[in-house]
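A.B. asks: Predicted structure and sequence below. I'll ask about it afterward.
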Amino acid sequence: MATFTERMAPVLVLWLAVFLSGTWAVDKGNFKTCDQSSFCKRQRALKPGESPYRALLETMELTNTRLTLQLINDNNKVRLLLELYRLQGNMTRVKINELKPLKPRYEVPDVLIREPPTEPLSLLSQDENGVVLSLGAESQRVILSARPFRLDIMEGRDVVMSLNSRGLLAFEHLRMRKDTFSYKVTSTVASVWNNIKRVFSSSQADPEAEKKEEADPAAQPEAAKEEEKDEDGMWEETFKSHTDSKPNGPSAVSLDFSLPGVEHVYGIPEHADTLRLKTTENGDPYRLYNLDVFQYELYNPMALYGAVPVMLAHNAQRTTGVFWLNAAETWVDISSNTAGKTVFGKMLDYVQGSNETPQTDVRWISESGIIDVFIMLGPTPKDVFSQYASLTGTQAFPPLAAVGYHQCRWNYNDQEDVAAVDAGFDEHDIPYDYIWLDIEHTDGKRYFTWDPHKFATPKEMLQGLSDKKRKMVAIVDPHIKVDSNYKIHNEIRSRSFYIKNKDGGDYEGWCWPGSAGYPDFTRADMRDWWASMFAYNQYEGSMENLDTWNDMNEPSVFNGPEVTMHKDAMHGAWEHRDVHNLYGFYVQMATAEGLIQRSGGVERPFVLTRAFFAGSQRYGAVWTGDNAAEWEHLKISIPMCLSLGLVGISFCGADVGGFFKSPNTELLVRWYQTGAYQPFFRAHAHLDTPRREPWLFGPENTALIREAVRQRYTLLPYWYLQFYHAHRTGEPIMRPLWVEYPEDPATFALEDEFLIGRDLLVHPVTEEGARGVTAYLPGKDQVWFDVHTFQKHNGAQNLYIPVTMSSIPVFQRGGSIIPRKIRVRRSSSCMMQDPYTLYVALNLQRTAEGELYIDDGHTFNYEKEFIHRRLSFANNVLSSVNLAPEAQFSTGSWIERIVILGASKPSKVLLKTDDGQESQVEFDFDASMSVLTLRKPGMNAGADWNVMLQ
């Protein structure tokens, strides 16, 4: 008899033929809407203002670290336990769980970097209606109302945020199925017990006894509660041909948040949508459920590859954040009392004296788990970034090479192809750092292996790249080919590391290798074993310049429901439904740990992941998945990466040129120009697309692409500094303008331009045939300098910029100093010891400041061996001061040029070094542009010095 794999092979071939065909469009019918997701439909049917929950104030306990009290659902008498914590750094944590669940409910581990430290809560007042607690600061407090249960966070007289103000708290308690023997026995016993109580009760009720019974949850037997009606989808749910057995029954949780004074909310990636989140009353909520979506559709709330359940709310007075720590399928509804109002309508309200305060209401709905929410109270955007970073960590600090340019496609055919592409970059004088290999480099889609014919001598290939100071990334996906001759599969099976199906056998699904098993990365011992497979003596053919790409880790299961894993698959005691959005997070975690371990803990890893969750920033980079060669996909890459940066994941980029379809030359050039100014800069293309290496489109387009890539490399010192800051602070690298100009409403919805750090503003050209763009330059008392022409422009204006095919509109903020390396070589490592040029852009006060950061570019020694200097210009003196005198590092790089924008002509320029020596510096002055250029001052980049303009 043919094996299952042999019998199913034609089915897989047919599926792949459809998958890889030229239709190039998402089949939305493969993915659920809220109406097709039974828990979402149930929760969305609840009406506001009818909350059954009240707080039992007599159960309240207040310790130095937390408040606890019970909530009761007056409809079914089920009790919940509320825990409220005041956390260090102006945050509040709210947890709600069943008081006595039938079995434990899942609580997300490993995402928080530590148990968040608490600060004391104090009771300000209490009566029968509720309690008031102090949040430390004199004017900050929490009001807990009892009937119905509600929390209001106040500052002075203002409500900052309310929980359950709309009465949409819902907590589906775990219960026994009514048609089971256990349920019938329990119901019978409870009924007999109630009859006995009635027989022996006195003719007059004892109020004290009744009160005691209400306060005692043990006095509320399960079957004595109000009979609850089973609805379709509670115990079993079918979508297309797949049935979810739901052995634990309904278990959804939900809570609403109201944000008075707020009209702009952001975050909850990943969605191919606008930066400012839209209201969802007239459609589906935003969905957070990691899925392999084949060429996703734009401007809708469908789930994509990753899920970060963090939302930021912003107005001109305050920024706040909500972190909903739940890894199950989640839907987020957004409504607003100003949604749909035109500008004229808002003006009419103002003229007519309407006093309606703008308000945004947000409702989170998750399929299982508990409510565990962190409220980040800001009040500034950077405070919120710091608060969130204190919970889930900061962006991993990548090796410098990873900040350079990456060349990828599915697939480079063989070692000769790799060598030819590598040589092509040299021939056309285009720098790059990494070349990538997709799934075809393996031996029959067996990861950790090489095709024995096409990649017969991988170390020879890697050594050839290393000789040029270049690197490679190879793909390692988490689906493992079921093959008894495959070492990885045999070891995982023998150790029982595979995820199990609901019947206890190894879960198998279809992916690139055919029949595949899926390792259970939620297990620490599995992750340890996986990490050990990256050791040089395990991963044959690997070397220190080979890094890793984790794709398909949602996980993607071609024949599974919604192209992913069945929710009733088992991870030990937990269902896949509980942990789904964590799977990709754990895969990247284990892979990054493997790359660190193989170097003995010395080298910083580079790992790209497609699926992610809160905390994924600690392990590497993400990209926006399988986009298309269309202008709208180029445009959407900006808000998609901005949204990721706002929730901690700074190392983001999109496939340059588009993964699907073939870009025309204009689109390809514009995409390189945009990608050169996004944190992760990689070109990638589908197997069926024509080759598109940068030199294949004629000399003129090659020159345009070369210039875009070279601009990236000249700015590497600034990019690297931004990654260092992101690692230290959690602040985004690529950031919306409102982050730096939080009081300027003109910035709140901008998504076609962005800042890199504080000091570079980029407005890429993303319209076909564009002859000009209009950029908003913020800051009414600021000036901005065009980095290409050095022309000065005032802030707080919309500036029209004529463009040609060579134009990349970029502006440097007046008041900043940006280091560059003008000598571009074949890779970033070749430029390590090259000299710096400092660009000093003066503000209206004729001052400027910036920083210079240098380390070895690849090891963890940066924690103690680095150069970090403050550069400042004031009173006609430019100085370099050591910000880290305890750190030890030396560099051969020197300062070869200083360009001062907005300068006056000096009579002479003196350099004073740290040894007291003075010398004159040659200079040129362009009076027409007010640009002063100091030539070859010659001081070491790590030294103290002063340059004086006289």
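C.D. replies: Yep, that arrived.

A.B. asks: Give me the distance from stretch 248-268 to the chain's centre.
C.D. replies: Offset of stretch 248-268 from its chain centre (C-alpha atoms, centre = their mean, to the nearest Å): 18 Å.

A.B. asks: Give the rounded mean pLDDT of it.
C.D. replies: Averaged over stretch 248-268, pLDDT sits at 98.

A.B. asks: Just the terminal-to-terminal distance for that stretch.
C.D. replies: Using C-alpha to C-alpha, to the nearest Å, the end-to-end distance of stretch 248-268 comes to 28 Å.

A.B. asks: so where do the strands sit in the stretch 151-300 of the chain?
C.D. replies: Applying DSSP state E, counting those that start in this stretch to the stretch 151-300 of the chain gives strands spanning 158-163, 170-171, 237-239, 242-244, 253-260, 264-267, 286-288.

A.B. asks: Next one: D525 relative to M533, how far apart?
C.D. replies: Applying C-beta to C-beta, to the nearest Å, the value for D525 to M533 is 13 Å. All C-beta atoms are positioned from the backbone trio N, CA, C, and that covers glycine.

A.B. asks: what about those two, which has more around it?
C.D. replies: Remark: of D525 and M533, M533 carries more neighbours, 20 against 10, as counted by other C-beta atoms under 10 Å.

A.B. asks: isn't that one right up against L595?
C.D. replies: No: under the criterion of C-beta atoms under 8 Å, M533 is not in contact with L595, lying 11.0 Å apart.

A.B. asks: so K32 sits right up against K567, yeah?
C.D. replies: No: using C-beta under 8 Å, K32 makes no contact with K567, being 11.4 Å away.

A.B. asks: which residues sit against stretch 655-663?
C.D. replies: Contacts to stretch 655-663, defined as C-beta atoms under 8 Å, 6 or more residues apart in numbering, come from residues 24, 295, 623-630, 633-634, 667-668, 671-672, 674-675, 681-686, 689-690, 692.

A.B. asks: Show me how to select, in PyMOL, the buried members of these.
C.D. replies: Burial among the contacts of stretch 655-663 is assessed by 16 or more other C-beta atoms under 10 Å; the matching PyMOL selection reads:
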select buried, resi 295+623+624+625+626+627+628+629+630+633+634+667+668+671+672+674+675+681+682+683+684+685+686+689+692
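
A.B. asks: Among the contacts of stretch 655-663, which lie within strands?
C.D. replies: Among those, the residues falling in strands (DSSP state E) are W623, F681, R682, A683.

A.B. asks: Just name the closest of these to H271, please.
C.D. replies: Taking C-beta to C-beta as the measure, H271 lies nearest W623 of these, at 14.9 Å.

A.B. asks: what sits opposite that closest one in the beta ladder?
C.D. replies: Applying DSSP bridges to W623 gives these bridge partners: G653.

A.B. asks: show me the residues around it that make contact.
C.D. replies: So W623 contacts L608, R610, C652, G653, A654, D655, F680, R682 (C-beta under 8 Å, 6+ apart).

A.B. asks: same check, this time on L325
C.D. replies: V108, V111, L112, P309, D372, V373, F374, A614.

A.B. asks: could you redo the last one with a cut-off of 6 Å?
C.D. replies: By C-beta atoms under 6 Å, 6 or more residues apart in numbering, L325 lies in contact with V108, D372.

A.B. asks: now swap in C652 and tell me
C.D. replies: By C-beta under 6 Å, 6+ apart, the contact set of C652 is V622, C641, L644, P679, F680.

A.B. asks: Make a markdown table out of those and add neighbour count.
C.D. replies: Below are the contacts of C652 laid out as a markdown table (neighbours: other C-beta atoms under 10 Å):
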| residue | neighbour count |
| --- | --- |
| V622 | 29 |
| C641 | 28 |
| L644 | 28 |
| P679 | 27 |
| F680 | 23 |
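
A.B. asks: which among those gets closest to R870?
C.D. replies: Using C-beta to C-beta, P679 is the member of the contacts of C652 that lies nearest R870, at 23.8 Å.

A.B. asks: how far away is W436 from W410?
C.D. replies: As judged by C-beta to C-beta, W436 and W410 stand 9 Å apart.

A.B. asks: ugh, typo on my part, it should be P285
C.D. replies: Using C-beta to C-beta, P285 is found at 33 Å from W410.

A.B. asks: the more surrounded of these two?
C.D. replies: Each of P285 and W410 has its neighbours counted (other C-beta under 10 Å); P285 has more, 23 against 18.

A.B. asks: shouldn't the more buried one be in contact with S335?
C.D. replies: No: using C-beta atoms under 6 Å, P285 makes no contact with S335, being 10.2 Å away.

A.B. asks: Outline the domain layout of the chain.
C.D. replies: 43-172+248-266+313-392, 835-949 (the TED database).

A.B. asks: Dump those to TSV, plus distance to I475.
C.D. replies: Shown next, in TSV, are the domains of the chain (distance: least, C-beta to C-beta, whole Å):
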stretch	distance to I475
domain 43-172+248-266+313-392	24
domain 835-949	22
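
A.B. asks: so which of the ones you listed comes closest to S828?
C.D. replies: Smallest distance to S828 across those (C-beta to C-beta): 7.3 Å, for domain 835-949.

A.B. asks: tell me the mean pLDDT for that closest one?
C.D. replies: Computed over domain 835-949, the mean pLDDT rounds to 97.

A.B. asks: measure the residue lying closest to D383 once chain neighbours are set aside to N164 for me?
C.D. replies: Closest residue to D383 apart from its sequence neighbours, by C-beta to C-beta, 6 or more residues apart in numbering: N90 at 6.8 Å. Applying C-beta to C-beta, the value for N90 to N164 is 22 Å.

A.B. asks: Then G938?
C.D. replies: Going from G938 to N164 by C-beta to C-beta gives 66 Å.

A.B. asks: More neighbours: which of these two?
C.D. replies: Per other C-beta under 10 Å, whichever of G938 and N164 has more neighbours is N164, with 23 against 14.

A.B. asks: what is the nearest residue to the more buried one once chain neighbours are set aside paired to in the beta sheet?
C.D. replies: Counting by C-beta to C-beta, 6+ apart, R150 is the residue found nearest to N164 once chain neighbours are left out, at 4.9 Å. Taking DSSP bridges as the rule, R150 bridges to S145.
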